[in-house]
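Enquirer: pasting the sequence and the predicted model now:
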Amino acid sequence: MSYRAFKRLLGEYRLERKCRFLFGFFIVLLLTGSFWLYAWQTESLAYDQIKTACRLTVVNEIVSRHLALTTPPGPEGFAAQMKTLEEAMNEFRDGWEHESPLPFKPKISIFKPNATHSKDIPDTITLQKIKDFQQDPSKHEDNSLELSSKRNYYYGAVRATASCLECHRQRHADLHEGDLLAVVKIDVDTQPIEAGFHVNRAILISIAFATTLLIMVGSYLIVRYVIVKPVKHLKEVSDAISAGELNVRSEIQTGDEFEDLSHAFNRMLRNLVSMQDRLRKVNADLDRKVDELAQANMALYESNRLKSDFLATMSHELRTPLNSILGFSEVLLSSNGLSEKQTRWVANIQSSGQQLLNLINDILDLAKIEAGKMQVQLVEFSIYDVCDGMLAMFRPMAEKKNIDLRGQFAPDIPLLRQDAVKVQQILSNLLSNAIKFTPEGGRVQLKAEVDRLGTPSAAAASSLRWNGGGYIVLTVSDTGVGIAREEQELVFEKFRQAGNPLTRQHAGTGLGLSIVRELSKLLGGEVSLQSELGRGSTFTVRLPLQLSEEPRLEFDLTHEGIDLSKAQRVDVRLYAGGPPLPVSPAPTEPRS
């Protein structure tokens, strides 16, 4: 029986019943085996005693027959015959063990091998036994027990000895020592012995039942008061602790392992209460720190928003005087009254002003994106027109450095529903960087193709509805200085450039790739980079072909509905004066 089956068998019982059942089962099994072995051994000894008694009966019967048949008249003849008979019997007994016979009244018959008289002729079974004795001179006896008829048949062989030859050769001249003279058959009724066996079995069974009952009573008392009572006390204490009574303690005084277990249980309970108190204090301190952190995060977010608003406002305000400077510089350049030196100065003013305007525009774009105020204007347009316009705009810049600027466009690109201006801005930043960091004689390629098996990006799933139709994949590759692997993630951060000394030769603020990444996210796409130092870079932008903008949500951080305590654990941008609202397309990480 497997352990699971045994467990199912005893699973519904209590510990006391389990112990009583198991003890009783094994005790009954042990007593049954012991008493059965004892009864079997006793019966075997009884039957062996019958066999021994029959063996001695053969000797007595032979002595009686010789005394009756061969005693001569007169005292002297009797004495001589007794001496001769004693010598013969001593030789005859050499093949038998000497044991005392049992008191029984057997039926004795003697059969000779060559009997001719009808009453001396043996039955078939006895005749077969005689043949067996004749064929095997070393065989002296044979015993057969028949339980069905409750009879025991013993056959003893009487063989000629040296003393027997003096008398028996007078009749049988060819008689030799060891020849079979006769076979003594002893028929014993075993019914009285069987009756004794039954009485003995009844006594053994009664003793077994009484012993089992006493052992069961003793085991019940031992299990109940030595094992179950301490365990039950521990269970009551544990139930009380589960109910919240932490001041309860186990009290077991048995002087054994149960008392040690009780002490260990109390120590564990004290440690548990102490740890619970410490944990409660730590949780309270942690809650306080979480509340402080939430308030600090809210203040930081508000400061970041104010910073973004300030940058957006200041950038917008700086553009007004800067436009005036650029306008007057163009007027001065168009006049004919300037000398060559003055013309060069005005050209420097216009070039520096244009660079400053580009920087202000980049800062303004990032500020709008961080503030969540960058609008997406969705229109249908052809990507071929946008790419051709970008190539035409940057071709003069590429020709100055003798750079091969080319385009490769798939023929099956459908009309896009996207923000054309922002797509142009993405391509403008990528092409500008590619030409800037590609040495003379290099190559820059713009590639456009469709990926109809693409899945929506995280930005598209969170901020814009993806209408299906696949993705437009825009790739800008160059043979420039390249970017080291450990710096490829840094180039997308604000005001960061690669650490290559070649990149330090080119002016720049480090905002171009940051704007590309933020605009790609805003349009529901993503940008990736593959580059090897000294062998060029490849920037890949994936944008959905069809988008529809969701309503934008504005919010007020000072609204009373916003709770940044530990019980809330929510993003402040999910609130707009009431219930939770979907996340707006603003960046998910506030910029400091």
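Expert: Noted; the coordinates are in hand.

Enquirer: for stretch 377-393, what does the pLDDT average out to?
Expert: What stretch 377-393 shows for mean pLDDT is 92.

Enquirer: tally of neighbours for Trp40?
Expert: When neighbours are defined as other CB atoms under 10 Å, Trp40 has 10 of them. Backbone N, C-alpha and C define where each C-beta goes, glycine included.

Enquirer: how about it, what does it touch?
Expert: Applying CB atoms under 8 Å, 6 or more residues apart in numbering to Trp40 gives no contacts.

Enquirer: so it is in which element?
Expert: helix 15-70 (DSSP states H and E).

Enquirer: check the offset of that helix from the chain's centre.
Expert: The chain centre lies 58 Å from the centre of helix 15-70; the measure is CA atoms, centre = their mean, to the nearest Å.

Enquirer: wait, Ile426 sits on Leu519?
Expert: Yes: Ile426 lies in contact with Leu519 (CB atoms under 8 Å); the separation is 5.4 Å.

Enquirer: neighbour-wise, which of these two wins?
Expert: Ile426 (27 against 24).

Enquirer: where exactly do the helices run in the stretch 401-550 of the chain?
Expert: 420-436, 458-463, 512-522 (DSSP state H, counting those that start in this stretch).

Enquirer: do you know which of those helices lies nearest Lys307?
Expert: helix 512-522 (15.8 Å; CB to CB).

Enquirer: next one: that closest one to chain centre, how far?
Expert: With CA atoms, centre = their mean, you get 46 Å for helix 512-522.

Enquirer: so for that helix, what gets flagged as buried?
Expert: 512-522 (16 or more other CB atoms under 10 Å).

Enquirer: now stretch 525-534
Expert: Quick answer for stretch 525-534 (16+ other CB under 10 Å): 525-527, 531.

Enquirer: using CSV, list the CA coordinates for stretch 299-314.
Expert: Extracted C-alpha coordinates of stretch 299-314, given in CSV (Å, rounded to 0.1, in the frame of the first residue of the first chain):
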residue,chain,number,x,y,z
ALA,A,299,7.1,69.5,-5.6
LEU,A,300,9.7,68.3,-8.0
TYR,A,301,7.1,67.7,-10.7
GLU,A,302,5.7,71.1,-10.1
SER,A,303,9.1,72.7,-10.3
ASN,A,304,9.9,70.8,-13.5
ARG,A,305,6.6,72.0,-15.0
LEU,A,306,7.4,75.6,-14.0
LYS,A,307,10.9,75.2,-15.5
SER,A,308,9.4,73.9,-18.8
ASP,A,309,6.9,76.7,-18.8
PHE,A,310,9.7,79.2,-18.1
LEU,A,311,11.9,77.8,-20.9
ALA,A,312,8.9,77.8,-23.4
THR,A,313,8.0,81.4,-22.4
MET,A,314,11.6,82.7,-22.5
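
Enquirer: let me have the buried residues of stretch 525-534 in a markdown table, adding pLDDT and distance to Asn200 as columns.
Expert: Compiled in a markdown table, the buried residues of stretch 525-534 are given as follows (pLDDT from 0 to 100; distance: CB to CB, whole Å):
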| residue | pLDDT | distance to Asn200 |
| --- | --- | --- |
| Gly525 | 91 | 101 |
| Glu526 | 92 | 98 |
| Val527 | 92 | 102 |
| Ser531 | 89 | 103 |
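
Enquirer: among the residues you listed, which are in strands?
Expert: Taking DSSP state E as the definition of strands, the buried residues of stretch 525-534 contribute 526-527, 531.

Enquirer: the strands in the stretch 101-250 of the chain, which residues?
Expert: 107-111, 141-146, 151-159, 180-189 (DSSP state E, counting those that start in this stretch).

Enquirer: go through those and name the closest to Pro439.
Expert: strand 141-146 (119.4 Å).

Enquirer: rounded mean pLDDT for that closest one, please.
Expert: 82.

Enquirer: and it, what's buried?
Expert: For strand 141-146, burial by neighbour count (16+ other CB under 10 Å) applies to 141-143.

Enquirer: got JSON lines for these, with distance to Ala39 too?
Expert: Conversion of the buried residues of strand 141-146 to JSON lines gives the following (distance: CB to CB, whole Å):
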{"residue": "Glu141", "distance to Ala39": "26"}
{"residue": "Asp142", "distance to Ala39": "26"}
{"residue": "Asn143", "distance to Ala39": "21"}
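
Enquirer: out of the residues you listed, who's nearest Val386?
Expert: Distances from Val386 to the buried residues of strand 141-146, taken as CB to CB, are shortest for Asn143 (121.0 Å).

Enquirer: what sits against the closest one?
Expert: For Asn143, counting by CB under 8 Å, 6+ apart, the contacting residues are 51, 54, 152-155.

Enquirer: separation between it and Asp174?
Expert: According to CB to CB, to the nearest Å, Asn143 and Asp174 sit 31 Å apart.

Enquirer: likewise for Arg535?
Expert: Remark: distance between Arg535 and Asp174 (CB to CB) = 128 Å.

Enquirer: so these two - more neighbours on which side?
Expert: Taking neighbours as other CB under 10 Å, Arg535 and Asp174 compare with Arg535 leading, 11 against 6.

Enquirer: correct me if wrong: that one contacts Thr479.
Expert: Yes: applying CB under 8 Å as the test, Arg535 and Thr479 come out as touching, 7.3 Å apart.

Enquirer: my read: Arg452 touches Gly470, true?
Expert: Yes: Arg452 is in contact with Gly470 according to CB under 8 Å; the separation is 3.5 Å.

Enquirer: more neighbours: which of these two?
Expert: Per other CB under 10 Å, whichever of Arg452 and Gly470 has more neighbours is Gly470, with 15 against 10.

Enquirer: what residues are up against that one?
Expert: 450-454, 544-545.

Enquirer: out of those residues, the closest to Glu317 would be?
Expert: Nearest to Glu317 among the contacts of Gly470, with distances taken as CB to CB, is Pro544, at 35.5 Å.

Enquirer: if that closest one is in a bridge, with which residues?
Expert: Tyr471 (DSSP bridges).

Enquirer: how about Arg406?
Expert: Gln445.

Enquirer: I figured it hits Ala434, correct?
Expert: No: assessed by CB under 8 Å, Arg406 is found out of contact with Ala434, at 11.9 Å.

Enquirer: just the helices in the stretch 101-250 of the chain please.
Expert: Going by DSSP H, counting those that start in this stretch, the stretch 101-250 of the chain shows helices at 124-135, 162-168, 191-222, 229-242.

Enquirer: which one of these lies closest to Val184?
Expert: Val184 sits nearest to helix 124-135 of all the helices of the stretch 101-250 of the chain, at 10.4 Å, using CB to CB.
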